[in-house]
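**Student:** take this sequence and fold it.
(one chain, ligands or ions: 2)
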Amino acid sequence: MPTVQELQRASPAEPLTMLTAYDAPTAAIVDAAGIDVILVGDSMGNAVLGYDSTLPVTMDEVVSHTSAVARAADDALVVGDMPFLSYGTSAETGIENAGRLLKEAGANAVKIESGPHTVELTDRLVDLGIPVMAHLGLTPQRRNQIGGYARQGTTEEAAAEIRDLAAKHEAAGAFSLVLEHVPDELATDVTAALDIPVVGIGAGSETDGQVLVLTDVIGLSESVPPFAEEFGDVRTEMEDAVAAYRDAVEDGSFP
Ligand code: KIV
Ligand code: NA
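**Tutor:** Ligands and ions are numbered 1, 2, ... in the order given. Below you'll find the model as predicted:
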């Protein structure tokens, strides 16, 4: 397994690869492919739990799915995502919930949608031995506050706030930063300014690594964000297999 220290060597020249997974068989495939980091994202809400956003995802759901992934992953670093309101209400709640991902689920680190309110929490978690991946730019848990899923950091003021918060989370001890859906130039700037690896999603090609949602990559999602890319067509494979099974039972050729 790459350690959080080893991941810090990632650079735009030798980028870090990160992908989500939510279950054991998929995590085993991602792990065997040599992906560096598996994120058990709260994107599970949309990707596999049938919610229409990440907001309803519970701590118990993330613990359950992270456990499945951690049992299947031998080499990748497993990061559990902190769901909406599992942190931020009090330091104790955030620490206890982050702790569950390591103690109960077997994750190696946690990811937290970051803001001014997570600098101190990041510092506390790192002191306790819980590695933290920060997350700035588009933070989908704030969709009601920001009015959807638009690109962030598009004004000079907003870009400056992201640069400032990135530096503050690095100083608080975060081992890496996810930067989602921001202008390429901002991502390039933040990557140059930080020592920790910046993992981009919809943030151009100049970050230290890339992350996407697995169901988007394999072609299983019903809709894919503009910055994602489908590298396969698993939906068609599944439709064909299910239809072939149905036909074989109905026409008596199986069993
Ligand atoms: O939940 C998730 O999958 C994420 C990634 C898109 C970074 O937060
Ligand atoms: Na997430």
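
**Student:** okay, CA-based contacts and neighbour counts for the rest of this
**Tutor:** Will do.

**Student:** touching the strand or helix carrying Thr66 from outside, list them.
**Tutor:** Element membership for Thr66, per DSSP states H and E: helix 59-72. Residues outside helix 59-72 that contact it (Cα atoms under 8 Å, 6 or more residues apart in numbering): 21-25, 27-28, 40-42, 78, 80-83, 86, 97, 100-101, 104-107.

**Student:** in strands only, show me those residues.
**Tutor:** Val40, Val78, Gly80, Asp81 (DSSP state E).

**Student:** so what's the first one up against?
**Tutor:** By Cα under 8 Å, 6+ apart, the residues touching Val40 are Thr20, Ala21, Tyr22, Val62, His65, Thr66, Val69, Val78, Val79, Gly80, Asp81.

**Student:** so what's the last one up against?
**Tutor:** Right, the one you point to is Asp81. For Asp81, counting by Cα under 8 Å, 6+ apart, the contacting residues are Leu39, Val40, Gly41, Asp42, Val62, Val110, Lys111, Ile112.

**Student:** surely Tyr22 touches Gly45?
**Tutor:** No: contact criterion Cα atoms under 8 Å: Tyr22 and Gly45 do not qualify, at 10.2 Å.

**Student:** given whichever strand or helix holds Thr17, what are its sheet partners and their directions?
**Tutor:** With secondary structure defined by DSSP H and E, Thr17 is part of strand 16-20. Here strand 16-20 has these sheet partners by DSSP bridges: strand 37-40 (parallel), strand 209-212 (parallel).

**Student:** near ligand 2, which of the contacts of helix 59-72 show up?
**Tutor:** Among the contacts of helix 59-72, the ones lying close to ligand 2 by the criterion of Cα under 5 Å from the ion are Gly41, Asp42.

**Student:** nearest to Pro226, of the ones in strands among the contacts of helix 59-72?
**Tutor:** Of all the ones in strands among the contacts of helix 59-72, Val40 has the smallest distance to Pro226: 21.3 Å, by Cα to Cα.

**Student:** no more questions from me, cheers.
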